[in-house]
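Q: Structural data only, the sequence is not supplied:
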Ligand SMILES: C[S@@+](CC[C@H](N)C(=O)[O-])C[C@H]1O[C@@H](n2cnc3c(N)ncnc32)[C@H](O)[C@@H]1O
């Protein structure tokens, strides 16, 4: 099978500029409302060799080191994302490397923890990537990732609709038709890849992972009070958080 060619949208100047202005780009992990929920799923990283798949600006890599990780390998497709990650990192135990997760190869049993935040919905061959991550982890190691939720991604036109009674609803159409979705987000023509919830979970199980926890992220009452706009996330899940173990 011919390998899919990945869209490197984060390297286009218009998209990069807009992405850089998002709260999660300006304030890092504290600017991402799902971060407290992710943090609650993470194991103790002390002494761990960590790999971060789609590491972006390297916020998690630096945080993991501050928690005592021995080393972090941050991988990303985008030169621009990694250039900023390198500029903001002064730590020889963190390495950033250009890599396409579609064709990624990693050494066997080399890591104690694998992490990924909001990168896997860009991946076509999720099974291949999961096999790569599985064999790269030492037995017993944990794997935590977030991905756009399939209810959020499934529609061919993912945006709020107002029905004739004035109710605002999120469309879920084409749910069982997996594959690419082209949307406008920060820039036109962003290509993502929709998979059903069962496909994501079953892929992990088939590869050999045990599922420890799933969380269809929604805000806490305190977060809603501080940021009322997060109420959208009570109406439909935008992100799926997964904790698994080899
Ligand atoms: C939404 S950003 C998340 C960045 C970081 N994980 C975070 O949470 O702050 C998605 C990242 O995935 C990277 N990415 C997208 N497709 C990729 C691919 N095929 N291989 C490697 N990285 C990819 C992008 O370049 C971008 O840095």
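A: Yes, it's here. Note that the coordinates shown come from a computational prediction; the quantities given were computed from them, not determined experimentally.

Q: do the helix or strand containing residue 151 and the ligand meet at all?
A: Using DSSP states H and E, residue 151 sits within helix 150-153. No: remark: helix 150-153 sits outside contact range of the ligand, by Cβ under 6 Å from any ligand atom, the gap being at least 13.4 Å. The way it works is simple: take the backbone N, C-alpha and C, and place the C-beta from them, glycine included.

Q: How about residues contacting that helix?
A: 121, 158, 170, 172, 175, 181, 192, 194-197, 200, 236-240 (Cβ atoms under 8 Å, 6 or more residues apart in numbering).

Q: The host helix or strand of residue 64 packs against which elements?
A: Element membership for residue 64, per DSSP H and E: helix 59-66. Where contact means 3 or more Cβ pairs under 8 Å, 6 or more residues apart in numbering; DSSP states H and E, helix 59-66 is packed against strand 49-53, strand 71-76, strand 94-98, strand 111-117.

Q: if we compare those, which one ends up closest to the ligand?
A: strand 111-117 (3.3 Å; Cβ to the nearest ligand atom).

Q: in the following helix or strand past that closest one, what's buried?
A: Per DSSP H and E, the first helix or strand lying C-terminal to strand 111-117 is helix 126-136. Neighbour-count burial for helix 126-136 flags 126, 128, 129, 130, 132, 133, 134, 135, 136 (criterion: 16 or more other Cβ atoms under 10 Å).

Q: Now residue 119: closest residue in space, sequence neighbours ignored.
A: Nearest residue to residue 119, sequence neighbours excluded (Cβ to Cβ, 6 or more residues apart in numbering): residue 54, at 2.5 Å.

Q: need the contact list for the one you found.
A: 75, 76, 77, 101, 116, 117, 118, 119, 120, 122.

Q: next one: residue 133
A: With Cβ under 8 Å, 6+ apart, residue 133 has these contacts: 51, 53, 106, 114, 143.

Q: ok, back up a step: pipe the helices and strands packed on helix 59-66 into CSV and attach distance to the ligand per row.
A: Shown next, in CSV, are the helices and strands packed on helix 59-66 (distance: least, Cβ to the nearest ligand atom, whole Å):
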stretch, distance to the ligand
strand 49-53, 7
strand 71-76, 5
strand 94-98, 8
strand 111-117, 3
